[in-house]
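Novice: no letters, just coordinates:
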């Protein structure tokens, strides 16, 4: 077990190194010169007017005049101490910017992940257990709607109805918990739809297995067969999906945080990309990579709890 | 029903069950009548599709979706079960009727510990005060089911147990609620004969002890005759004959039963062909193959010789290494040590091109005729595939050859355009045989070729194999768990156990005068002996 975690963490480091290297290359692959981008951002205008000496000074200050491998080594070693430099746009420490944005996004991600799990499981159970076939089909159709509606649209719809219409929840901001409800719902709906479909299909397949007939022959009722026998067997693919959903939630946060005016990582990402603020983009890529590594390791550690046949072995 | 039988516990009257789909209605059970007294055993015998399992599931109220009781009554101890609502059924299943399913390896929940699964019955029916008591009782029940170290077994997961052990767990589950009626649907069809005998012995003991009535559903007439007080033979949803086991097996009255009895390979008949004295075609020496990095030796020093035109049977139980041996001879797998010589060529020393030429001469027929045919190929495409692979002839020539081969395996020419899903199991196996014959091989390696087939179909496929062998001078390496089948098609036999051959010789000698204790055990486990030796009861 401990060996497994260590090996997986070592693999995770390799993933992070790859993410770092790619993010380093991005700066040198995109058209345009970082210094001119920076000067443009700082000056808010055309870089043509900036004099050459000024640009060279900045280039030297940033170490951009050094050979590529030296820049790379410097970048990686500093990233290891979570030093991503300063933002081109604001001149702030990138790590500090991320630190300020992170709590808001973590709050949103956690809330929407919980909501995804609750809604997904509830819908899957309803689609399996509801006593009336049209009702079961209606629930399944609902999951399709959840997946196919774009989240910016549901977000606007939610604001229209619950905020402007009914006035139940505030429409924007991230200062208190009531402001979390609508964005969490908007973010959770598509993933809950996917989760519900996966689980419902898994349950349907599990319920056709011979061991379910054994359970029914014992005298088990419908609820017991579904909950104690079929559910655990059906939940492994759903768990895998939930792990991959983390990525979707980060991507979804870009839209949701923009619509609901929350100052989180999503908004930061959108701004950084618009401004070509490479230090910030690099740090966000690194953060997303780290999140993936940790969450997928956590999911893998949960597998044996759900299906005891799974034995953790380093590949 | 005999006149001295007590009041029936289970009584089925004019039962009709239909499978309804949008397009059609299949009447699976048509007017079945059954009576079963406490402590007695009734065997329901029939081939696949006869309606025997559907009848059993109808009694249990567990018909699959789409199936419905369309008429008649099932009465248990005076109570009409057909009128029950789902909630009331829950107090019947597990408490009054126990169920032992067909396929033990997949009939236990793979992710829950065995002890939980046994205790669950007690908890559902309120037969234990609490979880702890239920678990303690579950361990006792596992011990009663004949499992060694029951406390250990209770902590295991189903996949850690063998098929026979899983079936004992399922019997413990079925008996946990002390039911008055036990329905066992093919309880031993997936198990080895020696295990089958022990499981059936155990079922017999417990039903006797507790006076439980047993409805035994089986395709195996010999098992039925051995174990049941009475046999009811089903065909196409109807009971065509009923009577005491010994009588039905030795003096069947209905034409269908007579056919069924005749199709059962007979261990007392004289072996078919005498051993030919041709030169050796296949010689295997010191064959060894292990898995798990050398920890388990599946094949451990196997050697045998097959004469040209001969038929060698390899018999053994699951895990004996017989199928691994077949894979090695087919060169689908490489041995760790040992040599396989075919017609003077050492398979191990051949280069890819020479091996490919040799493969034409050694062709396989596998157990599962459905799994070994591409579901999207037509029959003609499947049969022609080896011809295409070896570019023997053009398109016209292939068509001609396919027609020839279809004729050879007694399939109608119209079968060429069909796909496997449209064929019966026997027809599919004929297609596999035709495909194996396409390149006019000299050796067929047949791995359990008739195990998935009904006895009557099995008999006709075995006849076909015998004919082909005589007609083309083919040699067979015939892998089977079924000794009677081997007796019918082979002239020599090798008995395998735990990767080794324990005994080998002419079929008549090995089967009539077995030298090794294991061979003796295998032979004595074959069902049907008890019923054939004239004994009352």
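Specialist: Cool, got the structure. What you see is a predicted model; the values in this text were computed from it and never measured.
Novice: from the chain's centroid, how far away is stretch B:468-482?
Specialist: 20 Å (CA atoms, centre = their mean, to the nearest Å).
Novice: give the buried residues for that stretch.
Specialist: Using 16 or more other CB atoms under 10 Å in any protein chain shown as the test for burial, stretch B:468-482 gives B:468-469, B:474-482. C-beta coordinates here come from the backbone N, C-alpha and C atoms, glycine included.
Novice: average pLDDT for the lengthiest helix in chain A?
Specialist: What stands out as the longest helix in chain A, according to DSSP state H, is helix A:94-129. Helix A:94-129 shows a mean pLDDT of 90 in the predicted model.
Novice: remind me what that helix packs against, helices and strands.
Specialist: helix A:133-148, helix A:181-207, helix A:231-259, helix A:265-274, helix A:278-306 (3 or more CB pairs under 8 Å, 6 or more residues apart in numbering or on different chains; DSSP states H and E).
Novice: residue 201 - how many residues pack around it?
Specialist: Picking chain A for this. Neighbour count for residue A:201, taken as other CB atoms under 10 Å in any protein chain shown: 17.
Novice: oops, I was thinking of chain B
Specialist: Neighbour tally, residue B:201, other CB under 10 Å: 12.
Novice: from residue B:496, how far off is it?
Specialist: Using CB to CB, to the nearest Å, one gets 25 Å for the distance from residue B:201 to residue B:496.
Novice: next: residue B:376.
Specialist: 36 Å.
Novice: which residues touch the residue nearest to residue B:164 when sequence neighbours are not counted?
Specialist: Counting by CB to CB, 6 or more residues apart in numbering or on different chains, residue B:195 is the residue found nearest to residue B:164 once chain neighbours are left out, at 3.9 Å. Counting by CB atoms under 8 Å, 6 or more residues apart in numbering or on different chains, residue B:195 touches B:163-164, B:167, B:188, B:317.
Novice: with respect to chain A, which of those is nearest?
Specialist: Distance to chain A across those (CB to the nearest CB) is lowest for residue B:167, with 11.6 Å.
Novice: and the closest one, what pLDDT?
Specialist: Note on residue B:167: pLDDT of 92.
Novice: now it: which helix or strand?
Specialist: Assigned by DSSP states H and E, residue B:167 belongs to helix B:163-176.
Novice: now the next helix or strand after that helix: mean pLDDT?
Specialist: Using DSSP H and E, the helix or strand that follows helix B:163-176 in sequence is strand B:181-185. Strand B:181-185 comes out with an average pLDDT of 95.
Novice: strand B:181-185 - contacts with which helices or strands?
Specialist: So strand B:181-185, by 3+ CB pairs under 8 Å, 6+ apart, packs with helix B:52-60, strand B:97-100, helix B:163-176, helix B:193-210, strand B:213-218.
Novice: redo that, cut-off 7 Å
Specialist: Applying 3 or more CB pairs under 7 Å, 6 or more residues apart in numbering or on different chains; DSSP states H and E, we find strand B:181-185 packed against helix B:52-60, strand B:97-100, strand B:213-218.
Novice: list of residues touching the next helix-or-strand element following the first one?
Specialist: Beyond helix B:52-60 on the C-terminal side, the first helix or strand identified by DSSP H and E is strand B:67-76. Taking contacts as CB atoms under 7 Å, 6 or more residues apart in numbering or on different chains, the residues outside strand B:67-76 that touch it are B:9-20, B:28, B:54, B:58-59, B:80-82, B:96-97, B:181.
Novice: one more pass at 8 Å, please.
Specialist: Applying CB under 8 Å, 6+ apart, the set of residues contacting strand B:67-76 is B:9-20, B:27-28, B:31-32, B:54, B:57-59, B:63, B:80-82, B:92, B:96-97, B:180-181.
Novice: go on, stretch B:461-474?
Specialist: B:265, B:272-273, B:308-309, B:311, B:408-410, B:426, B:429-430, B:433, B:437, B:440-444, B:446, B:449-450, B:453, B:475-476, B:485, B:488-489.
Novice: one more pass at 10 Å, please.
Specialist: With contacts defined as CB atoms under 10 Å, 6 or more residues apart in numbering or on different chains, stretch B:461-474 is touched by B:263, B:265, B:272-273, B:276, B:278, B:308-311, B:363, B:365, B:369, B:408-410, B:425-427, B:429-430, B:432-433, B:436-437, B:440-444, B:446, B:449-450, B:453, B:475-476, B:478, B:485, B:488-489.
Novice: just the buried ones out of these, please.
Specialist: So, of the contacts of stretch B:461-474, B:263, B:265, B:272-273, B:308-311, B:363, B:365, B:369, B:408-409, B:425-427, B:429-430, B:432-433, B:436-437, B:441-444, B:446, B:449-450, B:453, B:475-476, B:478, B:485, B:488-489 end up buried under the neighbour-count rule (16+ other CB under 10 Å).
Novice: keep only those of these that are in strands.
Specialist: Of the buried ones among the contacts of stretch B:461-474, the ones assigned to strands by DSSP state E are B:311, B:363, B:365, B:443-444, B:446, B:475-476, B:478.
Novice: how far does stretch A:205-225 sit from the chain's center?
Specialist: Here the centre of stretch A:205-225 is set off from its chain's centre by 36 Å, with CA atoms, centre = their mean.
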